[in-house]
Structure formats: structure tokens, C-alpha cells
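Student: just a sequence and a predicted model for now, questions to come.
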Amino acid sequence: MTQPAETEEPSLRRSIGTVQLFAYTLGGMLGAGIYGLIGRAAGELGAAVWLGFAVAMVAALLTGLSYASLGARYPRAGGAATVVQHTWQRPLLTWVVGLAVLASGLTSVATQSRVVAENLLRLVELPWLPPVMLSLLFLLAIALVVFRGIRESMWANMLCTTVEAGGLLLVIALGLRFWGSADLWETPSTEGITAGLLLQGAILTFFAFIGFEDTLNVAEECHDPHRTVPLGIISAMLVATALYMAVAITAVSVVPWRELAATPGPLAEVMNRAAPWLPGWVYVAITVFAVANTALLNYVTASRLTYGMARHGLLPAALGRVHGERRTPHVAVAALFVVVVALMLAGDITQLASATVLLLLAVFTALNIALLVLQRRKEEPRGSFEVPAAVPALGALVCATLLVNRVLSGDWRAPALAGAVLAAILLAWLALRPGREATAM
């Protein structure tokens with residue numbers, strides 16, 4: 001009697017092209033942060049805020065290039081966790097890195113769900129619908145899109161990214177006639193533009209580029225990732241820089257930088273002065289798309305990271321299952337939905353979301369060092385996109401400097417919360433001992 005053929009385990013679907021990955025990376029960076037960051041940056045750099053974005057791009061691009069090289073070398077779901085395990089074979093370190101990135105993504109999704117709900121209720125009055133219920137419906141919609149498939153997630157991202165970028169282009173177009181009215185070299189310092197001033201501005205504006213790290217987690221679903229990942233990351237970072245610098249020049253040209261720094265909604269004020277005839281709901285709608293897109297990308301990233309860690313014995317094996325028809329990690333998507341709902345119901349976790357950014361800086365440092373180690377390992381095959389050793393070395397130095405600067409900034413809340421998250425991750429390791437079956441990635 002013939003034995004039945006063994007059913008092959010379904011895998012993630014390769015369907016992401018260069019344009020889609022470019023939009024994915026760009027959408028992750030644009031987000032909603034730039035809409036409020038301009039004001040804070042103007043307070044630090046004055047009218048020279050555009051220069052801060054240029055310097056920050058150079059600093060961020062160092063790590064971006066390292067991520068591009070690593071993504072081309074190891075196109076596997078799991079992102080940073082995959083690289084760390086492959087480099088050092090230390091399950092505890094992989095566990096900490098993976099859950100640090102996961103914590104950052106999930107707290108961000110939960111925070112953004114509340115922002116989406118608040119802005120939607122500004123657009124449409126629904127007195128019968130509590131904001132918490134609207135946040136829950138939004139999270140459910142995001143989870144369903146991610147479950148539906150990577151193609152659907154990419155198309156939703158491309159739509160949202162188009163609106164996000166369109167919003168910034170609208171600001172530039174409306175304020176273009178004001179260019180030349182401000183001294184773009186004026187700063188709050190009587191000494192003008194100094195290295196110290198640029199460093200402080202770059203430290204602040206560096207965070208406008210966070211988002212490129214999401215790309216590493218979907219490399220396994222890319223067509224020709226050895227080419228697609230580097231192109232997607234580098235082109236998106238360059239386009240984001242051009243947009244940020246043009247928006248910065250426009251903002252300080254329309255609204256004097258001192259007033260820009262004092263207003264709670266800097267770009268809304270820019271649009272109000274440059275085009276008072278424009279309905280206010282346009283800006284609110286753009287914000288909804290921007291925040292929703294960031295939530296979508298963080299959810300996709302978290303689900304692929306969870307899937308990757310499960311496939312290598314660091315999380316329950318069920319989280320590594322792939323739906324036979326949809327070709328998505330459906331168990332991971334469902335499990336993460338429960339977690340983000342719990343975080344959303346916990347109330348205002350904005351401080352917690354900010355604290356996890358510190359953990360991301362530590363992860364960036366580790367990934368740059370990992371690339372240095374791999375480049376020096378003789379038996380390690382070279383990738384299709386290699387960068388000089390100076391790139392990850394400087395990237396690690398920049399990220400470590402930013403981390404130390406944030407810890408020593410005087411605001412103890414973010415470092416304390418980051419430390420609490422790290423302690424919780426270590427306690428979970430001690431309780432679960434997940435590394436016994438961990439494999440090379």
C-alpha cells in the first residue's frame with residue numbers, strides 16, 4: 001500500500017517588489033512624527049532646522065546601510081533577532097533583542113490606535129461611539145488586513161504612504177511662495193551654527209528616520225531580496241530626507257521659528273497661514289492616514305518577528321505556523337491582537353512607547369556590531385551588498401552616543417521605563433527558559 005505524501009509546511013509568500021518595499025520603508029519613516037517634530041527641532045536649531053535633518057540623515061544612513069547589507073545577506077523573517085542569533089548563537093541575547101523590538105512595535109500600535117480614534121472623532125461626530133471602541137475597531141481592521149495577506153498589507157501601505165507624502169508635498173506647495181523670506185542660517189545661539197548645536201539638533205531629528213528597521217522583517221517576502229532590500233532602504237531614506245528638508249524650509253519661511261517652536265501643531269499652523277481657505281479636516285485626514293500606516297507597518301513587523309523567533313525555538317512553535325491559503329503567520333497575528341488590545345485598554349502608554357525607542361537604539365548598536373563581526377568571520381560568505389567596515393563601526397558609535405545622550409538627558413522617566421521593560425524581558429526568560437531548543441537562524 002502506497003504511503004500518502006507528507007504535506008509540506010506552507011511558507012510566507014514572496015510578493016514584494018522594489019517599489020512596494022520602497023513605499024514600505026518610506027511609510028515607516030514618515031509616520032506622524034514629522035508633523036510635530038518640526039516645532040521641537042525649530043526650538044533647538046531655529047531657522048536652520050533643515051540642516052539638522054541633513055546631519056541626522058548622514059547619521060541614520062550609517063545604520064540604514066548596515067541594515068541594507070544584513071537584509072541582503074540574510075533575508076529571513078525575524079529581522080534583528082535573526083541576525084543576532086546567526087552572529088553570536090546566544091539565545092538569551094536573541095531573546096532580549098527580539099522582544100525589545102517587539103515591545104517597541106506593539107506599544108507603538110496601541111498608542112497609535114488611540115490617536116486614530118481621537119482624530120476620526122474630530123472628523124465625524126459619533127457621540128454614541130466611545131473612543132475606546134473605535135480604537136478596538138481600528139485594531140481589528142489592521143489585524144484583518146495583516147492576516148489577509150502581505151499583498152493586501154502592501155497595497156494598504158502604498159495608499160497610506162501616498163497620502164502621507166502627499167500631505168508633506170501639499171505643505172511645500174502651499175508654502176513655496178514664502179521661500180526666501182527667512183534667514184535659513186539663524187539659530188537661537190548667538191554663536192550661530194556650531195558643532196554642538198548641530199549635534200543637539202541631529203539627536204532630535206534622528207528619530208524622524210526610525211522606521212527603516214521594519215524592512216528587515218519582511219525581507220523573506222521580497223522578490224530578489226539581495227537587490228530589493230538595499231534599494232528599498234537607501235532610496236526611501238534619501239527621499240525622506242529631501243521631503244524633511246523641504247518641509248523644514250517651508251515651515252520656518254511661513255511661520256517665524258520662535259512661533260513655530262511654541263505652537264502645539266506646527267504644520268497645522270503652517271497650513272493655516274499659507275492657505276487659510278483650506279478646510280481644517282484635510283490636515284486631520286492626512287494625520288489619520290499617517291498614524292494608521294505606522295500602526296499597520298508595526299503590526300506587520302511584529303507578526304514577522306514573532307513568526308521568525310517561533311520558527312527557531314525562542315517562542316511557542318504555534319506562533320510559527322503559516323495559513324495554508326493566506327500564507328501569513330495567522331497564529332502570531334491573532335496572538336498579537338490580544339496583546340495590543342490589552343495595551344490599548346491600559347490607558348495612556350505614550351511614555352512607555354517613548355521608552356522603547358531607547359531599546360531600539362541599543363538594538364541598532366548591536367546590529368552594527370553584528371555586521372562588523374560577520375564581515376571579519378572568514379567562513380562567512382559575502383553578501384550581494386557589502387559596505388566598508390567603517391560604516392557599521394561609525395553606525396554603532398552614533399547609536400551608542402545617542403543612547404547615552406538620551407539616558408543622561410536629565411529626564412529619568414524614559415530610561416527608567418526602558419529598564420523596567422528590559423527587566424520584564426529577562427524575568428520572562430528566567431520563567432520560560434525558551435532557549436533550550438533555539439537553532440541557528
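Tutor: Structure's in. What do you need?
Student: going by C-alpha atoms from here, please, whenever you check contacts or count neighbours.
Tutor: Will do.
Student: so what touches stretch 383-391?
Tutor: Contacts of stretch 383-391 with the rest of the structure, by CA atoms under 8 Å, 6 or more residues apart in numbering, involve 62-63, 65-66, 68-69, 72-73, 226-227, 230, 372, 375.
Student: which of these count as buried?
Tutor: For the contacts of stretch 383-391, a burial check counting by 16 or more other CA atoms under 10 Å picks out 62-63, 65-66, 68-69, 72-73, 226-227, 230, 372, 375.
Student: quickly name whichever of the residues you listed is closest to residue 119.
Tutor: Nearest to residue 119 among these, counting by CA to CA, is residue 63 at 33.4 Å.
Student: roughly how far apart are the closest one and residue 375?
Tutor: 15 Å (CA to CA, to the nearest Å).
Student: and of the contacts of stretch 383-391, the nearest to residue 316?
Tutor: Using CA to CA, those come closest to residue 316 at residue 73, 26.5 Å.
Student: can I get the contacts of stretch 383-391 in a markdown table with distance to residue 279?
Tutor: Formatted as a markdown table, the contacts of stretch 383-391 follow (distance: CA to CA, whole Å):
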| residue | distance to residue 279 |
| --- | --- |
| 62 | 40 |
| 63 | 40 |
| 65 | 41 |
| 66 | 43 |
| 68 | 41 |
| 69 | 45 |
| 72 | 45 |
| 73 | 48 |
| 226 | 45 |
| 227 | 43 |
| 230 | 40 |
| 372 | 52 |
| 375 | 54 |
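Student: mind picking the two most distant members of these?
Tutor: Longest span within these, CA to CA: 227 and 372, 20.7 Å.
Student: of the buried ones among the contacts of stretch 383-391, which belong to helices?
Tutor: In this view, these that belong to helices under DSSP state H are 62-63, 65-66, 68-69, 72-73, 226-227, 230, 372, 375.
Student: and which of these is nearest to residue 361?
Tutor: residue 63 (10.3 Å).
Student: distance of that closest one from residue 233?
Tutor: Applying CA to CA, the value for residue 63 to residue 233 is 11 Å.
Student: give the residue spans of the stretch 151-300 of the chain that score low on pLDDT.
Tutor: Within the stretch 151-300 of the chain, no range satisfies pLDDT under 70.
Student: same question, the stretch 301-441 of the chain
Tutor: Judged by pLDDT under 70, the stretches of the stretch 301-441 of the chain that qualify are 435-441.
Student: now do the helices in it.
Tutor: Under the criterion DSSP state H, counting those that start in this stretch, helices of the stretch 301-441 of the chain are mapped to 330-345, 350-376, 390-407, 413-432.
Student: for the buried ones among the contacts of stretch 383-391, which one is nearest residue 216?
Tutor: Once CA to CA is applied, the member of the buried ones among the contacts of stretch 383-391 that ends up nearest residue 216 is residue 68, at 7.9 Å.
Student: skip the chain neighbours and tell me the closest residue to the closest one.
Tutor: Spatially, and ignoring its direct neighbours in sequence, residue 68 is nearest to residue 230 (4.4 Å; CA to CA, 6 or more residues apart in numbering).
Student: could I get the contacting residues of that neighbour?
Tutor: Residue 230 neighbours (CA under 8 Å, 6+ apart): 65, 68, 69, 71, 72, 385.
Student: so what's the residue most central in space within the chain up against?
Tutor: Most central in the chain under CA atoms, centre = their mean is residue 211, positioned 2.5 Å from the mean C-alpha point. Neighbouring residues of residue 211 by CA under 8 Å, 6+ apart: 25, 26, 27, 28, 29.
Student: now swap in residue 217 and tell me
Tutor: 76, 77, 78, 79, 80, 301, 304, 305.
Student: now do the closest residue to the last one other than its chain neighbours: how many residues are near it, please.
Tutor: Spelled out, that is residue 305. Closest residue in space to residue 305, ignoring its immediate chain neighbours: residue 78 at 4.0 Å, by CA to CA, 6+ apart. The criterion is other CA atoms under 10 Å. On that basis, residue 78 has 29 neighbouring residues.
Student: next up, the contacts around residue 78.
Tutor: 98, 216, 217, 304, 305, 306, 307, 308, 309 are the contacts of residue 78 under CA under 8 Å, 6+ apart.
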